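Visitor: what follows is a predicted structure for the sequence shown.
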Amino acid sequence: MMDIKNSVLILLFFGLSFSLMAQSERRITRKGNTQYETGNFVDAELNYKKAIEKNAGLIEAQFNLGDALVKQERYEEALESFDIVSKSTDNIGMRANALHNKGNIKLSQQDLEGALESYKDALRLNPKDEETRYNYVYVKDLLDQQKQEEEQNQENQDENKKNQEEKQENQDQDKENSENQDQENSKENENKEDESDQEQQDKGQTDGEDGEEEKKGKQPKPKENKLSPEEAQRLLDALNQQEEKVQDKLKKQMIKGAKVKIEKDW
């Protein structure tokens, strides 16, 4: 019997001690809450951590610690606190609130997909939370708008790229056409030069022939010997005398020829 009483006394002692410890942890937590409400977030953080050191399972202190860290913009540490709450308590309402706060932090960090996922998890636990539902729809609309803008930007980039390629192709085609035109002009100039050279050569030959003809045509004509009337008369007399001598000679030959007797050779 004595042993039983002693056991009872021991159990009563530990129960009383646990109750006093719990009251101490909660008292520290309430002190932190008062500091939080007055804007003293640093001291509130310290008291919440003291309460958690005494009782790691004190979810209220862990949740409030996350809020105090958010007020100090220490978002990564706050996310750790809310993660602990959402994974370590059976209180569905508190888990949903922790996930809601995680969504708010990720939204402030421009992590829209992370925020949407946190709000979605919170709504699975508490579908009637209108604030969480509003935030979920708001972020979803932002994501849809962002997606549309990205698609539009991609289309614009593709269109710009296509235009640039077409512009480059046109420039290349213009360059090729210009080079071809230059080649054609060069060939035409060469042909004209050849034709001009041939014309010059032909002209040179023609000019040479014309020059020869001109030389021939321009050769001085022999001078005519003009005789005085006296010289002409003397020449005429000389010719007449010569003519008379020729006539006399012919006559003599004719007479001599008439006297020739030709005998037949029988």
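Guide: Looks like it arrived, so ask away.

Visitor: what about the helix ranked longest in the chain, average pLDDT?
Guide: The longest helix of the chain (DSSP state H) is helix 130-217. Helix 130-217 shows a mean pLDDT of 81.

Visitor: what bits of the stretch 1-150 of the chain have low per-residue confidence?
Guide: 1-22 (pLDDT under 70).

Visitor: now with 80?
Guide: Counting by pLDDT under 80, the stretch 1-150 of the chain has low-confidence residues at 1-23.

Visitor: the helices in it, which residues?
Guide: 2-37, 41-54, 59-71, 75-88, 92-108, 112-125, 130-217 (DSSP state H, counting those that start in this stretch).

Visitor: of all those, which one is nearest Glu244?
Guide: Ranking the helices of the stretch 1-150 of the chain by their distance to Glu244 (criterion: C-beta to C-beta) puts helix 130-217 first, at 44.4 Å. All C-beta atoms are positioned from the backbone trio N, CA, C, and that covers glycine.

Visitor: the closest one packs against which elements?
Guide: helix 92-108, helix 112-125 (3 or more C-beta pairs under 8 Å, 6 or more residues apart in numbering; DSSP states H and E).

Visitor: and the first one, what does it pack against?
Guide: Think helix 92-108. Short answer (3+ C-beta pairs under 8 Å, 6+ apart): helix 92-108 packs on helix 59-71, helix 75-88, helix 112-125, helix 130-217.

Visitor: so how far is the longest one off the chain centroid?
Guide: From the chain centre to the centre of helix 130-217 is a distance of 18 Å (C-alpha atoms, centre = their mean, to the nearest Å).

Visitor: measure how it sits relative to helix 112-125, angle-wise.
Guide: With axes from the mean of the first three to the mean of the last three C-alpha atoms, to 10 degrees defining the directions, helix 130-217 sits at 150 degrees from helix 112-125.

Visitor: the second one now?
Guide: Interaxial angle of helix 75-88 relative to helix 112-125 (the same axes, to 10 degrees): 30 degrees.

Visitor: burial count for the nearest residue to Asn126 once chain neighbours are set aside?
Guide: In space, and not counting its chain neighbours, Asn126 is closest to Ala96: 4.0 Å by C-beta to C-beta, 6 or more residues apart in numbering. Neighbour count of Ala96, defined by other C-beta atoms under 10 Å: 21.

Visitor: and what of Ser24?
Guide: 14.

Visitor: ditto for Glu150
Guide: Residues near Glu150, counting by other C-beta under 10 Å: 10.

Visitor: tell me which residues in stretch 84-98 are buried?
Guide: Buried residues in stretch 84-98, counted by 16 or more other C-beta atoms under 10 Å: 84-86, 89, 94-98.

Visitor: just say which of the helices and strands packed on helix 92-108 is most tucked in.
Guide: helix 59-71 (a mean of 22; mean count of other C-beta atoms under 10 Å).

Visitor: okay, the angle between that one and helix 75-88?
Guide: If you take the same axes, to 10 degrees, helix 59-71 sits at 160 degrees to helix 75-88.

Visitor: how far does stretch 91-100 sit from its chain's centre?
Guide: Stretch 91-100 has its C-alpha centroid displaced from the chain centroid by 51 Å (C-alpha atoms, centre = their mean).

Visitor: who's in contact with that stretch?
Guide: By C-beta atoms under 8 Å, 6 or more residues apart in numbering, the residues outside stretch 91-100 that reach it are 59, 63, 66, 82-83, 85-86, 89, 118-119, 121-122, 125-126, 129, 131-132, 135.
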